[in-house]
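Visitor: structure, please.
(one chain, ligands or ions: 1)
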Amino acid sequence: MERNRWYKDMVFYQIWPRSFKDGDGDGMGDLWGVYEKLDHIKSLGCDGIWFSPIYPSPGADCGYDIADYMDIAPEFGGMEAFRKVLDGVHQRGMKLLMDLVVNHTSDEHEWFQKSRQRIEPYTDYYIWRPAKPGGKLPNNWDSNFEGKAWTYDEVRGEYYLHLFAIKQPDLNMDNPLVREEVKKILRFWLDMGVDGFREDVITYISKAEGLPDDHLFPIYKGMPKYNHGPHIHEYLAEFKRDVLDHYDCFTLAEAPLVWPKQALKYIDEEHGQIDMMIQFQCQTADCLFTDYLPTKFSLRRMKKAFSDWQYKLEGKAWNMLYLENHDHPRIVTRYGSEKYQAESAKTLAVSYLFQKGTPFLYQGQEIGMTNWRPESADMYRDVQTIYNYNHSNLKKPLQVRLEKMWRSSRDGARSPVQWDSSPNAGFTTGTPWFYVNQNYPEINIEKQNADPDSVLNFYRKAIALRKSLPVVKEGIYKEHFHSHPKQYIYSREMPGQKLLIVCAFSEKTQKMKLPKGFDLSSAQCILHNYSSTDSLTLQPYECRVYLW
Ligand code: GLC
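Guide: Numbers count the residues shown, from 1 in each chain. Coordinates of the predicted model:
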């Protein structure tokens, strides 16, 4: 029977819970806060929520280090608050996705504590190796966050592998017992009524046989040996066959360094093991591989990333569309312009919301939040940022180092959501766990709710249009004038309906390019961010959507 792929009609909203909304006044966002704000999310036209991890965790990586997969952290309100939120979500006709983080656990997880003492059956739950002769590390892999990927454990007398922070030991997915644990976790949440999972760095779970050295990759040495590893498709198929296929749910896989051809092996609608994929190509228009190697923003690179995925997945798989999440600095600061904050936030919205796929918004994106800027490096909280700051550009002047970090750090997008102009942006009545962006009196949800021309109301209009026009779901995508450095122009076409989307990426005015066969005299401009659309001159960061 053909599956009902309901996610294709949806728009999702990502909540990074610590900074969303504090409901109990302890300074940390929580599920009580989420419950209060469900109507805000619904009012955007979003019908699904993805929660970054809300499980008990020591917080070494803000929740991506899980100490118990089958509970909700007390600081977020525990199970009681979660059930209330889940019901609230379903009552509003919305869906809820949990974050499944099973490449690694916290080192404080009971499994790791037992594994390091060789207590059965946990002895081989993790990837343990003795030192190589001469006391050398088991291989030359780097961790993504903190130096080498191996840390010596005194209790066990061996090294354990951690592809991320030292407090995030990697699970040994080759052990069938570990895969059974994953299935238990999946069933636990699905039985409770959640609608699917975002699967954290899931393409890392199968490591190359024998964990060989890697001599090829310049950054994060080792990645080719653990990304898309030898058993990845087999393990994902097993989770699907044994659990996911028995529920009406969907899965979204996070995949660092993946291109469409490889992605299709995971998400091809006929043979894939998962439904959609978070790719990173769209995040590298202003950096090399990672945000921590910043370059100048290139619109062409952004267009190439968008178009590659649109063209290559057409008819075979479904795109996940996004510009922001908790792992990247704010998009207005990166790809847009803080000077033209509102205009560029709207243009960025249009640049992706009319593509084919399922869009995701990240909290605060709906008002065009900009990067939080620290005054000094000791204000950073993120483990990856702190390591990078202390280990790179050491010879550069302090101001240069701070500037680079401001452009790169994940903390830029982790400051609290700006709800209103009251103290702490209305995020908390207590002392916020993290700094609030100082521009909150100007950029906040309350103010934008009251302004029909705000970024927030623009998102509402754009999402409503997307949902009302079949061509956005069905139409064929085509990019025009690819080499143009300052305009992104694409069309969507199906029998009887056609769209042309024009986005200007410049602080200067420019002449609009018009592809052949698009006669504006018979079109209606259904969405725009400047009051007049009569002329063919585009204002700074102007965008227009034409309908035939
Ligand atoms: C993913 C998460 C990120 C986390 C990392 C390790 O990339 O999105 O926030 O730090 O995995 O779990």
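
Visitor: in the stretch 51-200 of the chain, what residue comes closest to the ligand?
Guide: Of all residues in the stretch 51-200 of the chain, Tyr64 sits closest to the ligand, at 3.5 Å by CB to the nearest ligand atom. Just so you know, the C-beta spots here come from the backbone N, C-alpha and C atoms, and that holds for glycine as well.

Visitor: tally of neighbours for that residue?
Guide: For Tyr64, the neighbour count with other CB atoms under 10 Å is 24.

Visitor: where in the stretch 1-150 of the chain is pLDDT low?
Guide: Counting by pLDDT under 70, the stretch 1-150 of the chain contains low-confidence residues at 1.

Visitor: straight-line length of stretch 158-170, end to end?
Guide: Using CA to CA, to the nearest Å, one end of stretch 158-170 lies 14 Å from the other.

Visitor: name the SS class of Lys114, please.
Guide: Reduced to three states with DSSP: H, G, I helix; E, B strand; the rest coil, the structure at Lys114 is helix.

Visitor: same question, Leu97
Guide: strand.

Visitor: residues contacting it?
Guide: Neighbouring residues of Leu97 by CB atoms under 8 Å, 6 or more residues apart in numbering: Phe12, Gly48, Ile49, Trp50, Phe51, Val194, Asp195, Gly196, Phe197, Arg198, Leu252.

Visitor: A strand includes the fourth one, no?
Guide: Which is Trp50. Yes: per three-state DSSP, Trp50 lies within a strand segment.

Visitor: excluding chain neighbours, what is closest to it?
Guide: Among residues not flanking Trp50 along the chain, Leu97 sits closest, at 4.2 Å (CB to CB, 6 or more residues apart in numbering).

Visitor: need the contacts of Leu97 in TSV with distance to Leu171 and neighbour count, can you?
Guide: TSV is the format used below for the contacts of Leu97 (distance: CB to CB, whole Å; neighbours: other CB atoms under 10 Å):
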residue	distance to Leu171	neighbour count
Phe12	27	25
Gly48	28	22
Ile49	26	22
Trp50	22	21
Phe51	21	24
Val194	21	21
Asp195	25	22
Gly196	21	26
Phe197	16	26
Arg198	18	26
Leu252	20	24
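
Visitor: let me know the closest of those to Ser521.
Guide: Ser521 has its nearest neighbour among the contacts of Leu97 in Phe12, at 37.5 Å by CB to CB.

Visitor: surely the closest one meets Phe51?
Guide: No: counting by CB atoms under 8 Å, Phe12 does not reach Phe51; the two are 10.7 Å apart.

Visitor: low pLDDT regions in the stretch 201-350 of the chain?
Guide: Using pLDDT under 70, nothing in the stretch 201-350 of the chain is flagged.

Visitor: of the contacts of Leu97, closest to Gly430?
Guide: Taking CB to CB as the measure, Gly430 lies nearest Phe51 of the contacts of Leu97, at 21.9 Å.

Visitor: from Leu321, how far off is the closest one?
Guide: 19 Å (CB to CB, to the nearest Å).

Visitor: likewise Gln399?
Guide: Distance from Gln399 to Leu321, by CB to CB: 36 Å.

Visitor: more crowded one of the two?
Guide: Leu321 (23 against 8).

Visitor: list the beta-bridge partners for that one.
Guide: Leu321 has the following beta-bridge partners by DSSP bridges: Pro359.

Visitor: quick one: contacts for it?
Guide: Per CB under 8 Å, 6+ apart, neighbours of Leu321: Tyr352, Leu353, Gln355, Gly357, Thr358, Pro359, Phe360.

Visitor: which single residue of the stretch 401-548 of the chain ends up nearest the ligand?
Guide: Proximity of the stretch 401-548 of the chain to the ligand (CB to the nearest ligand atom) peaks at Arg410, 7.1 Å away.

Visitor: let me see the backbone angles for the nearest residue to Met173 once chain neighbours are set aside.
Guide: Spatial nearest neighbour of Met173, chain neighbours left out: Ile205 (4.4 Å); criterion: CB to CB, 6+ apart. With angles defined as degrees, to the nearest 10, Ile205 sits at phi -70, psi -20.

Visitor: Ile205: neighbouring residues, count only.
Guide: By other CB under 10 Å, 25 other residues sit near Ile205.

Visitor: quick check: it vs Glu270, distance?
Guide: Ile205 sits 23 Å away from Glu270, going by CB to CB.
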